[in-house]
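**Q** Requesting a structural model of the entry that follows:
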Amino acid sequence: MPPLSEAATRQRPLDPEAFARYAVRDPREVLQLLNTVVEKRLLLSAFIDHDESFITLAIAATDDGALIIDACPDDARNARAGNAAQLVCTTRLDNVKLQFALQAPARITYDGKPALRAAFPESVLRLQRREYYRLPTPQTDPIVCVITHAAGDGRRHEVRVRILDISGGGLAILIPPRELEFVAGAEFNDCVLRLPDGDPLAVRLKVRNLFEVEKANGVKVQRAGCEFIGLSNQATARIQRYMFKLERDRRMRDER
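**A** The predicted structure follows:
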C-alpha cells in the first residue's frame with residue numbers, strides 16, 4: 001500500500017479501540033448527543049466502508065431508535081452510502097469531536113426527498129481537543145521510543161526511533177531507514193517510551209498510516225503514525241502531563 005499524504009491522514013476517523021475510554025455508551029446519553037446534533041443541524045463527515053474520502057451529510061431527525069439522514073446531493077455517492085456496510089461519521093459539537101458508526105444505512109424517502117435511515121449507534125466517541133490533538137516534540141532535545149523486536153537471526157534487537165509528535169492516542173515517529181520494517185497494521189508490543197520526567201514508560205503501538213514528508217533542507221523522510229494499544233489510565237495521565245508541559249513551555253517562549 002502506498003504511503004498516504006499527511007493531509008489525507010488527518011481527515012481519517014479515529015480508531016475507536018484506541019479511544020475506547022472516551023466512548024459514551026449509555027443509550028440515554030447517546031440519544032441526547034444525537035438530538036443535539038439534529039437541533040444544531042451540524043454537518044457530518046461520513047466515511048464509507050473505510051474509504052479515505054468522505055461525503056458531507058446532516059441528520060434530519062431521530063425516529064423510533066433510528067436516524068434519518070438527508071441524502072447527499074451527489075447521486076452516485078448517495079447510492080454508495082445507501083449500499084455501505086458502515087458509515088463512520090464525525091462532527092464537532094461545541095469544540096468537542098464526536099464520532100460514531102452507522103451500520104447498513106438504508107435508502108428511503110423522507111418528506112418527499114431521498115434520505116438514509118440507520119439504527120442508533122451503540123456508542124459515540126466524545127473527545128475534547130486536549131485529549132487527541134498532536135503536539136510536536138522538541139527538536140533540540142527529542143524524545144525517543146525504543147522498540148524491541150525479533151530479527152531474522154532469532155535475536156531480539158532494540159531500535160531507537162525519534163518521536164516527531166505525540167497525542168493522548170498515539171505518536172508519529174521518524175522511520176529508521178533500514179533497521180525495522182514499518183507497514184500499516186503492524187503491531188509492536190514491546191516498546192519503551194522515554195519521557196524526560198520519570199521512569200521509562202512501557203507501551204504497545206500499532207502502525208496506522210505511513211507518509212512522506214519533506215524537511216526544510218529538501219530531504220524526504222518517511223514517518224509513521226502509530227496508535228497506543230491498551231494504554232492504561234496511569235500511562236495516559238503521564239503522557240497528558242508531558243503534553244501540558246510542552247504546551248506551557250511553548251506559550252512561555254511565544255511570550256518572550
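**Q** Could I get the full set of helices for the stretch 51-200 of the chain?
**A** For the stretch 51-200 of the chain, the helices defined by DSSP state H, counting those that start in this stretch cover 75-82, 129-132.
**Q** which stretch in these is the model least sure about?
**A** When the helices of the stretch 51-200 of the chain are compared on mean pLDDT, helix 129-132 scores lowest, with a mean of 58.
**Q** And for Asp75, the neighbour number?
**A** One way to gauge burial is a neighbour count; for Asp75, by other CB atoms under 10 Å, it gives 10. Using the backbone N, CA and C atoms, a C-beta is placed for each residue, glycine as well.
**Q** Name the SS class of Arg251, please.
**A** The three-state label for Arg251, taken from DSSP: H, G, I helix; E, B strand; the rest coil, comes out as helix.
**Q** How much space separates it from Leu135?
**A** If you measure Arg251 against Leu135 using CB to CB, to the nearest Å, the figure is 12 Å.
**Q** These two: which has the busier surroundings?
**A** Neighbour count, other CB under 10 Å: between Arg251 and Leu135, Leu135 has more, with 16 against 9.
**Q** Read off the pLDDT value for Glu255.
**A** Glu255 is assigned a pLDDT of 70 by the prediction.
**Q** Please apply the same query to Arg155.
**A** In the prediction, the pLDDT value recorded for Arg155 is 80.
**Q** Equivalent analysis for Ala8, please.
**A** Reported pLDDT at Ala8 in the predicted model: 34.
**Q** and if you look at Ile143?
**A** On pLDDT, Ile143 comes in at 89.
**Q** so what's it up against?
**A** The neighbours of Ile143, taking CB atoms under 8 Å, 6 or more residues apart in numbering as the test, are Thr137, Ile163, Ile166, Leu193, Arg194, Leu195, Pro196.
**Q** Just among these, which is most surrounded?
**A** Ile166 (23 neighbours).
**Q** Now do the same contact list for it.
**A** With contact taken as CB under 8 Å, 6+ apart, Ile166 is in contact with Arg134, Leu135, Thr137, Ile143, Ala172, Ile239, Tyr242, Met243.
**Q** So which of those residues belong to strands?
**A** Using DSSP state E, the subset of the contacts of Ile166 located in strands is Leu135, Ala172.
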